[in-house]
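Enquirer: What follows is a predicted structure for the sequence shown.
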Amino acid sequence: MSDSEATSIDVGKQIAMEADNDIKYRTCSWQKTAALLFSEYICLAIMSFPWSYSILGLVPGLILTVVVAGLVLYTSLLCWEFCMRHPEIRDVCDLGQMIFYNHRWAFWFTAVMFILNNTFIQGLHCLVGAKYLNTITGHSMCTIGFSAIVAVVSWACSLPRTFDALARGASVSAVFTFISVILAAIFAAIEDHPTGYPDNGPLQVLAVPAPGTTFVLGMNAFMNISYTFIGQITLPSFIAEMKEPKDFPKALWAVTIAEILVFSLVGSIVYAYTGTNYITAPAFGSLGNPIYLKVAFSFMIPTIIFLGVLYASVSARFIFFRIFNNSKHMSSHTVVGWSTWAGILAVLWFLAFIVAEVIPFFSDLLSLMSSLFDAFFGFIYWGVAYFRMRGTDYGPNYFRTRGIRGWAGFLFNIGLCGIGLLFLTGGTYATIQSIIDGYKESTFGGAFSCENNGF
């Protein structure tokens, strides 16, 4: 029996086993999965691209955008292929254990990084939610209070138990985010000048990095771009709730094409009209007209809430499934089940609030997540998955059977692992140094500060 036949039967059995359950998990069509992917990738981090281009230069920035998109597409297809061979995988933690020869330490190592990564992303959205509320209200209350409000609202929105139930919110989030970034690009083009002009001199738009650009700045800019593309950590969870997992590449190709177009165009246009010396991260702060700023930023509200909700749901699902594996609380509407689900989410959002208060720098928080977690979930894991699958397919005759394709695949995936190690070492160093510098130079205070972080 082929892998595809075995997968079809196993998925069919899983769907049949859920037929009489109150809560069914394998219910997502590829269109709904595409909506989840769009909400994950068409997000606030797009507005960090102009800042990254200002550091790297427009030409290297655009080249890196396309290269990283291609690498993420390739590794996402590897992830899907591995999940197709093992439909029992429920999340990236199961996958991590399998690719490392079913060693239990690999499961727990992956689980710790998985929860930390998702909680940091939730924290990022608490931080940006507070930034938005400060901007709109003119800092009408302590920033800590605004962060707490965002965390509580996000907790309430996280309560649906299945991705099928979240898919409609995902579509709304992606559409509003698209409108937001397009408006930001239009407003940047039509306004007279960016905020702060002409205090920092004439507008500067660079095709290549400025002389003297430091490793710390360059690495942080590269990781900001990479962070926006890298989201493979959620893919096994999405695939595990699809009715037809074989259709996943349709959703993946759709979102990848949209990413390249939107990220490149918005990043380039906003950078071209704000310049190296007036750019902020996120780039909303570069809009000199306060009405333009508030209108464009306001359309980002759904994604400020929903993307944090999506990652909270992925984390809570991992914990909940391990607590109530194959029990009635997992598949039925019970008081114990719903209370536990709500409690898990409350703990996750409390931790996210703490992260937002400890690291109150948008671009540095993106870079820190990228260096610590994307090294593994963006590159290393999928290089290892490639070797595991090809080793199963060809065994010791791998190079003899595949010839030049075998050598090309071997070297390419070794390169993937090398990129991951660069993130983990050089990236972490650059981020930590940038955070240290940020605490020295920041105008809005440090950890747990009431000071205004709005634009």
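Expert: Yep, that arrived.
Enquirer: State the pLDDT value of the residue most central in space within the chain.
Expert: Closest to where the C-alpha atoms of the chain average out (CA atoms, centre = their mean) is Gly231, at 4.6 Å. pLDDT, Gly231: 85.
Enquirer: and the closest residue to it other than its chain neighbours, which of the three is it?
Expert: The shortest distance from Gly231 to any residue other than its chain neighbours is 5.0 Å, reached at Glu40 (CB to CB, 6 or more residues apart in numbering). (Glycine included, C-beta is placed from N, CA and C.) Using DSSP: H, G, I helix; E, B strand; the rest coil, the structure places Glu40 in helix.
Enquirer: Which residues are in contact with Glu40?
Expert: Shown in contact with Glu40 (CB atoms under 8 Å, 6 or more residues apart in numbering): 231, 234, 307, 310.
Enquirer: Let me have those residues in a markdown table, extended by distance to Asp199 and secondary structure.
Expert: Shown next, in a markdown table, are the contacts of Glu40 (distance: CB to CB, whole Å; DSSP: H, G, I helix; E, B strand; the rest coil):
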| residue | distance to Asp199 | secondary structure |
| --- | --- | --- |
| Gly231 | 37 | coil |
| Thr234 | 42 | helix |
| Leu307 | 34 | helix |
| Leu310 | 39 | helix |
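Enquirer: got a winner among those residues for most neighbours?
Expert: Leu310 (30 neighbours; other CB atoms under 10 Å).
Enquirer: I figured that one was touching Leu36, is that so?
Expert: Yes. With contact taken as CB atoms under 8 Å, Leu310 and Leu36 are classed as touching, separated by 6.9 Å.
Enquirer: what residues do these two have in common as contacts?
Expert: With CB under 8 Å, 6+ apart, Leu310 and Leu36 have common neighbours 166, 170, 234.
Enquirer: correct me, but the last one touches Ala312?
Expert: No. Using CB under 8 Å, Thr234 makes no contact with Ala312, being 11.5 Å away.
Enquirer: list the buried ones in the helix or strand containing Asn118?
Expert: Assessed by DSSP states H and E, Asn118 sits inside helix 104-137. Applying a neighbour-count criterion of 16 or more other CB atoms under 10 Å, one finds 106-107, 109-111, 113-136 buried in helix 104-137.
Enquirer: Stretch 64-80 too?
Expert: In terms of neighbour count (16+ other CB under 10 Å), stretch 64-80 has its buried residues at 64-65, 68-69, 71-73, 75-80.
Enquirer: In CSV, list those residues along with secondary structure.
Expert: CSV is the format used below for the buried residues of stretch 64-80 (three-state DSSP):
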residue, secondary structure
Leu64, helix
Thr65, helix
Val68, helix
Ala69, helix
Leu71, helix
Val72, helix
Leu73, helix
Thr75, helix
Ser76, helix
Leu77, helix
Leu78, helix
Cys79, helix
Trp80, helix
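Enquirer: What are the boundaries of the strands in this protein?
Expert: Ranges of strands in the chain, per DSSP state E: none exist.
Enquirer: Flag the shaky bits of it, pLDDT-wise.
Expert: Low-confidence segments of the chain, defined by pLDDT under 70: 1-25, 360-367, 370, 438-439, 441-447, 455.
Enquirer: Now do the residue of it positioned farthest from its centre against Ser268, distance only.
Expert: Going by CA atoms, centre = their mean, the residue of the chain most distant from its centre is Arg400, 38.9 Å out. Distance of Arg400 to Ser268, computed by CB to CB, to the nearest Å: 47 Å.
Enquirer: and what of Glu81?
Expert: 34 Å.
Enquirer: between the two, who's got more neighbours?
Expert: Legend: neighbour count by other CB under 10 Å for Glu81 and Ser268, higher for Ser268 (19 against 16).
Enquirer: quick one: that one and Leu62 touch, right?
Expert: Yes. If you go by CB under 8 Å, Ser268 and Leu62 touch, sitting 6.8 Å apart.
Enquirer: that older thread, now, which of the buried residues of stretch 64-80 sits nearest Asn325?
Expert: Nearest to Asn325 among these is Cys79, at 22.9 Å by CB to CB.
Enquirer: and that closest one, what does it touch?
Expert: Counted by CB under 8 Å, 6+ apart, Cys79 has contacts 95, 232, 235-236, 239, 382, 385.
Enquirer: Repeat the analysis, applying 7 Å as the threshold.
Expert: For Cys79, the contacting residues are 232, 235-236, 382, 385, by CB atoms under 7 Å, 6 or more residues apart in numbering.
Enquirer: ditto for Glu241
Expert: 25-28, 162-163.
Enquirer: Emit the ChimeraX select command for whichever of those are buried.
Expert: To isolate the buried ones among these in ChimeraX, judged by 16+ other CB under 10 Å, type:
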select :25,26,27,28,162,163
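Enquirer: Can I get the contacts of Glu241 in TSV including distance to Lys246?
Expert: TSV is the format used below for the contacts of Glu241 (distance: CB to CB, whole Å):
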residue	distance to Lys246
Tyr25	18
Arg26	13
Thr27	16
Cys28	13
Thr162	20
Phe163	17
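Enquirer: Show me the contacts of Glu241 that map onto helices.
Expert: The helices, defined by DSSP state H, take in Phe163 from the contacts of Glu241.
Enquirer: In this structure Gly57 contacts Pro211, no?
Expert: No. Counting by CB atoms under 7 Å, Gly57 sits too far from Pro211 to count as a contact (11.1 Å).
Enquirer: contacting residues for Ala296?
Expert: With CB under 7 Å, 6+ apart, Ala296 has these contacts: 180, 183-184, 187, 284, 287.
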